[in-house]
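Trainee: mind looking at a prediction? Sequence and model below.
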Amino acid sequence: MSGPARLKTLAGAGFAFICVFVLGGLIWATWLTVRLEDYELRALREEGVQSALWRLDNTLMPFLARETGRSYRHYSARYAPTSLSRNGTEVNASEFTLPSPILEQDPPEWVDVYFQWGENGQPTSPQILPHTGDRWGLAGTETPAAPPAETLALAEALRELTSHLSYDDLRDRFNAAVARDLHSAPDPGASAEPIRLASAQSRGYERFQEAQMRGTQEWATRQLVNRQLQQSNTQLIGCDPIDVVAQNLLNEVENSNPALPSDVPEYAEVWVTPMIPVWLPREGELPGLVLMRRVTVAVPEVTESSVYQGLVINWEKLRDSLLAQLAASHPRATLTPVTSAAGTRDHNVLATLPARLDIEPVTAGASLWTWNEGRATLLLVWGVALVSLGVIGLGLRTLLTVSNRRVEFAYAVAHELRTPLTTFRLYTDMLAEGLVPEESRPEYLQTLNRESKRLADVVNGVLEYARIENRKVRLAPATIRADEFLNRTRTTFGKACADEGVQLVTDNQWADGRPLTTDVELVLCVLGVLVANACRHGRNGDASRVLVRLGEAGERIALDVVDTGPGIEASDVRALYKPFRRGKSAESRAKSGLGLGLALARNWCGLLGGRLELVHRKDPTFGGAHFRMTLPQLQNHGVIG
């Protein structure tokens, strides 16, 4: 492998290593940042869920506490008070009843009906008054009946309840709900401190874990608050007169007490549980929700029975009412019934109802396009890194280009100097040793003169290119007629073309009488390069010609140089104007030259304010290369550089 190729390989490998190192680090940092932000968003989501759960539970806890504290007697449409006197005389329960306070209250819109269901009958509702003559309340007091439409709706809600389950089903589901609540009872000491996981190596992940632990603690706290609030409002075990208990729980409002054995004790024991939420099955629909409690009546040594009291809840209305409170902060929140015992231990479940709250889901990478200060910084770092890599790559490319140019320059100059120097050494040695006949001396001297000019051309070309690169060329604009300029072109290049066996042809298409104002000597230098290249590479037997045509391109001077040679290969066009580059064809490689000609010509045109371009690789008329130089008319003397 050559030196330049090895240098190029090493530079490419080094740049690739730098790119992999920098980009790999940035990709890792980006992935880590996105992951940390994802964990932080999850933590925020957990905190948002707990805050929303508190809001919803705080809405329901007072209602549950109030219903838990409601007297069991109020579930009869007309109930018998425990003691009442008229003119100082105690009134018997069978003689006087009061309307249930439930009739006078306005329940929330999501409460369908209150009910009471004993084991020996169908459910009744304290909201539906029985029509039993004059026993509606205190003497002279009228109790208005519910409107017929409302009464029908309440009755339909009771029928809906019995259509899905029987009393035994209701009892079994209540017992299962009680067992579920006991099984999911929180233990606040178990999660008093957040657990630090060994694998939590990032701040975001730790925050997410802490948020989850706090969520469990919040769930336990909400459960305890709800239980304590209900227990504080739960009726203690008490004793009521047996006729009052019979009147209220059996819901029989007759002219006399219900038939009771004569030997029944005077008082009965009554136990009331807190309100328990129970999901009821509905085929093909969302499950129904019931808040219910068990009232147990025990007559010592006689009997014990249970009555279930509660409320039928319209779950759809309750759900919409609760979610409406979160609409501003969590518009896509959902509440889902939880019917399994394991599901109620989820810390995203309400403490008051077995329903799970879900807010906007946050999945891995969902926040990839979210804009924030961290993302802006990361984008800035990416930009700086990519620009730096671009600068490094451009610097390496420039370094390799300069290195290649130096090598090409050394090869080109060495090649161009070797032949004339060899000729100089050989001829001078022969002349010095007297080996050249007298009659041949003029020929040898002429050869030495030609080679010295060739050496001078090489040195002048390198120096001129260096001058142009350093911007130290001065322009000398002059005015000349078009025909005079073409005469100078024929005089300057005609003999050189003839020596190469090429005919120089000029064509004047410039408007008569208009002078040219430009740096004539510099333009002739450009023409010299183009004509020399045409003579060197464009010979085509005896018909070889080079056309120099002077014309106009708008308001600019146009000089075309066309030859009759084979033209330029497509593979050579890209490097046509690069210094120290020559064509790749066999004929081009066989010709001498540094490869600076077209590079110099193009730079000279640039100094004149014009441009040099290849019009045709193979001209359709002449067959060879067609170059065009367009120049502006120079008005004043100027200095470039």
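Mentor: Arrived safely, thanks for sending.
Trainee: burial count for G501?
Mentor: Residues lying near G501 (other CB atoms under 10 Å) number 12. The way it works is simple: take the backbone N, C-alpha and C, and place the C-beta from them, glycine included.
Trainee: am I right that it falls within a helix?
Mentor: No - counting by DSSP: H, G, I helix; E, B strand; the rest coil, G501 is not found in a helix; it is coil.
Trainee: distance of it from G538?
Mentor: 11 Å (CB to CB, to the nearest Å).
Trainee: which residues do those two both contact?
Mentor: Overlap of the contact sets of G501 and G538 (by CB atoms under 8 Å, 6 or more residues apart in numbering) consists of S544.
Trainee: which parts of the chain are helices?
Mentor: For the chain, the helices defined by DSSP state H cover 3-68, 148-164, 167-183, 203-233, 242-249, 315-325, 373-432, 441-469, 482-499, 520-537, 570-573, 586-590, 597-607.
Trainee: single out the most deeply packed of those helices.
Mentor: Neighbour counts (mean count of other CB atoms under 10 Å) averaged over each of the helices of the chain peak at helix 242-249, with a mean of 24.
Trainee: out of the helices of the chain, nearest to Q116?
Mentor: With CB to CB as the criterion, Q116 lies closest to helix 242-249 of those, at 7.6 Å.
Trainee: for C605, give me its contacts.
Mentor: C605 makes contact with V526, R611, L612, M629, L631, according to CB under 8 Å, 6+ apart.
Trainee: and the helices of the chain as JSON lines, adding distance to D563?
Mentor: Below are the helices of the chain laid out as JSON lines (distance: least, CB to CB, whole Å):
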{"stretch": "helix 3-68", "distance to D563": "33"}
{"stretch": "helix 148-164", "distance to D563": "103"}
{"stretch": "helix 167-183", "distance to D563": "101"}
{"stretch": "helix 203-233", "distance to D563": "73"}
{"stretch": "helix 242-249", "distance to D563": "123"}
{"stretch": "helix 315-325", "distance to D563": "87"}
{"stretch": "helix 373-432", "distance to D563": "23"}
{"stretch": "helix 441-469", "distance to D563": "21"}
{"stretch": "helix 482-499", "distance to D563": "10"}
{"stretch": "helix 520-537", "distance to D563": "4"}
{"stretch": "helix 570-573", "distance to D563": "15"}
{"stretch": "helix 586-590", "distance to D563": "13"}
{"stretch": "helix 597-607", "distance to D563": "14"}
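Trainee: V295 is nearest to which of those helices?
Mentor: Between these, helix 242-249 lies closest to V295; by CB to CB that is 6.8 Å.
Trainee: on that earlier part again, so of the contacts of C605, which ones are in strands?
Mentor: Mapping the contacts of C605 onto strands (DSSP state E) picks out R611, L612, M629, L631.
Trainee: circling back: pLDDT added to the contacts of C605, as TSV?
Mentor: Listed next are the contacts of C605 as TSV, based on pLDDT from 0 to 100:
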residue	pLDDT
V526	87
R611	91
L612	91
M629	92
L631	91
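Trainee: between those residues, which is closest to P108?
Mentor: Among these, R611 lies closest to P108 (CB to CB), at 86.9 Å.
Trainee: in PyMOL, select just the buried ones from the ones in strands among the contacts of C605.
Mentor: What follows is the PyMOL syntax for the buried subset of these, where burial is set by 16 or more other CB atoms under 10 Å:
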select buried, resi 612+629+631
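Trainee: which of the ones in strands among the contacts of C605 sit farthest apart?
Mentor: Maximum distance among these (CB to CB): 9.6 Å, for L612 and L631.
Trainee: report the buried residues of stretch 96-105.
Mentor: By neighbour count with 16+ other CB under 10 Å, stretch 96-105 contains the buried residues F96, T97, L98, P99, S100, I102, L103.
Trainee: just give the closest residue to the second one, not the sequence neighbours.
Mentor: Going back to what we said before, that points to T97. R78 (4.0 Å; CB to CB, 6 or more residues apart in numbering).
Trainee: from G69, how far out is that neighbour?
Mentor: 21 Å.
Trainee: these two: which has the busier surroundings?
Mentor: Between R78 and G69, counted using other CB under 10 Å, R78 has the larger neighbour count: 22 against 16.
Trainee: so the more buried one is in contact with P101, correct?
Mentor: No - if you go by CB atoms under 8 Å, R78 and P101 don't touch, sitting 11.5 Å apart.
Trainee: before we move on, back to that, tell me the one among the contacts of C605 nearest to A342.
Mentor: R611 (82.1 Å).
Trainee: mind listing the residues bridging to that closest one?
Mentor: Bridge pairing for R611 (DSSP bridges) gives the partners T630.
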